[in-house]
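Visitor: Attaching a predicted model along with its sequence, questions to come.
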Amino acid sequence: MKHILAIDDDVNLLKILESQIPADQYSVITAVNGEIGYNLAVQGNPDLILLDIMMPVMDGFEVLKKLQKNPVTRNIPVIMLSSKSKREDVTTAMQMGVVDYMVKPHNINMLLMKIEVAFKYKHLKEEENTGDYNILVKRDVGRTVISFKSRLSDKKLLDEIKSVFNRGFLAITQKDIMVFDLRILEDLTEKEIPALRLILEVFSSRTVYIVAGRYYGIIISTGDFDEEKVKIFISSGDMELELEQDIK
């Protein structure tokens, strides 16, 4: 059973989360402020953290900083659950390393999907940290997920792209949903957007999905991509929600 730590100063919300999250799949531990929550994270090493921003003693951003600095907690996936809904708040949280963001009041079905996707991302991230390669291609039923470990301007990466994205690869993945997960990129600058465009051109005959994470702002502001062909999301959870709606 996986353990979820919920950190929020709203006691009623914590009780709601405890009642809504399936007890046969997850155990829920709660903390009423950031300091208590951080200490519980260090002591209990939960599988995932739900984190509010506006809290007494230590706010959510302070908690995130401490989690990232501590080797015991830095790899725990964090979903920010906050009433703050401005784009700059979401972008700041993603830049600081959260895997997803959800605005209160939450929809429990959407939250549970985001939790499930966060665990999948954690597994993928563990795989990404091993092996000597610049491109990771992971295929599942009807889906291909592509991640890059080095910068898009890296010549070695560009050479690897030519060999990986060949005719055979395109034929095999022709009917797949094509996802580019950019969250583990070392960096992404405005100058590297043309390189991203060139990579996506290989798949110009189909719709591609980009999970941008902390690079969402720069891609949206400088990319000028065709919205019908390139769909950009700040998190994998948001992408999954849209894909589910498309299926329905």
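Guide: Done, it's in.
Visitor: lowest average confidence, helix or strand, in this structure?
Guide: helix 108-128 (a mean of 79; mean pLDDT, DSSP states H and E).
Visitor: Residue 37 belongs to a strand?
Guide: No - using DSSP: H, G, I helix; E, B strand; the rest coil, the assignment for residue 37 is helix, not a strand.
Visitor: I figured it hits residue 29, correct?
Guide: No - at 9.2 Å, residue 37 does not count as touching residue 29 under the criterion of C-beta atoms under 8 Å. To be clear about C-beta, it is placed using only N, CA and C from the backbone, and glycine gets the same treatment.
Visitor: can you list residues touching both of those two?
Guide: residue 5 (C-beta atoms under 8 Å, 6 or more residues apart in numbering).
Visitor: of these two, who's got more company?
Guide: Shown here are residue 37 and residue 29; by other C-beta atoms under 10 Å, residue 37 has more neighbours (30 against 17).
Visitor: Let me know the pLDDT of that one.
Guide: pLDDT for residue 37: 95.
Visitor: need the contact list for it.
Guide: Neighbour list for residue 37: 5, 7, 31, 49, 51, 58, 63 [criterion: C-beta under 8 Å, 6+ apart].
Visitor: so of these, which ones are in strands?
Guide: In this view, the contacts of residue 37 that belong to strands under DSSP state E are 5, 7, 31, 49, 51.
Visitor: Kindly report the domain assignment for this protein.
Guide: Residue ranges for the domains of the chain, per automatic domain parsing: 2-124, 135-247.
Visitor: How about the backbone phi and psi for the residue nearest in space to the middle of the chain?
Guide: Centroid-nearest residue in the chain, with C-alpha atoms, centre = their mean: residue 99, separated by 3.6 Å. Backbone torsions for residue 99, taken as degrees, to the nearest 10, come to phi -90, psi -20.
Visitor: Helix, strand, or coil at residue 210?
Guide: What three-state DSSP gives for residue 210 is strand.
Visitor: quick revisit: most tightly packed of the domains of the chain?
Guide: With neighbours defined as mean count of other C-beta atoms under 10 Å, the domains of the chain peak in mean count at domain 2-124, which reaches a mean of 18.
Visitor: now the strands for the chain?
Guide: For the chain, applying DSSP E gives strands covering 2-7, 26-31, 48-51, 78-82, 100-103, 135-140, 143-148, 177-181, 208-211, 230-233.
Visitor: closest one to residue 159 among those?
Guide: For those, the distance to residue 159 is smallest for strand 135-140, at 10.5 Å, taking C-beta to C-beta.
Visitor: Quick check: neighbours of that closest one in the sheet, parallel or antiparallel?
Guide: Strand 135-140 pairs in its sheet with strand 143-148 (antiparallel), by DSSP bridges.
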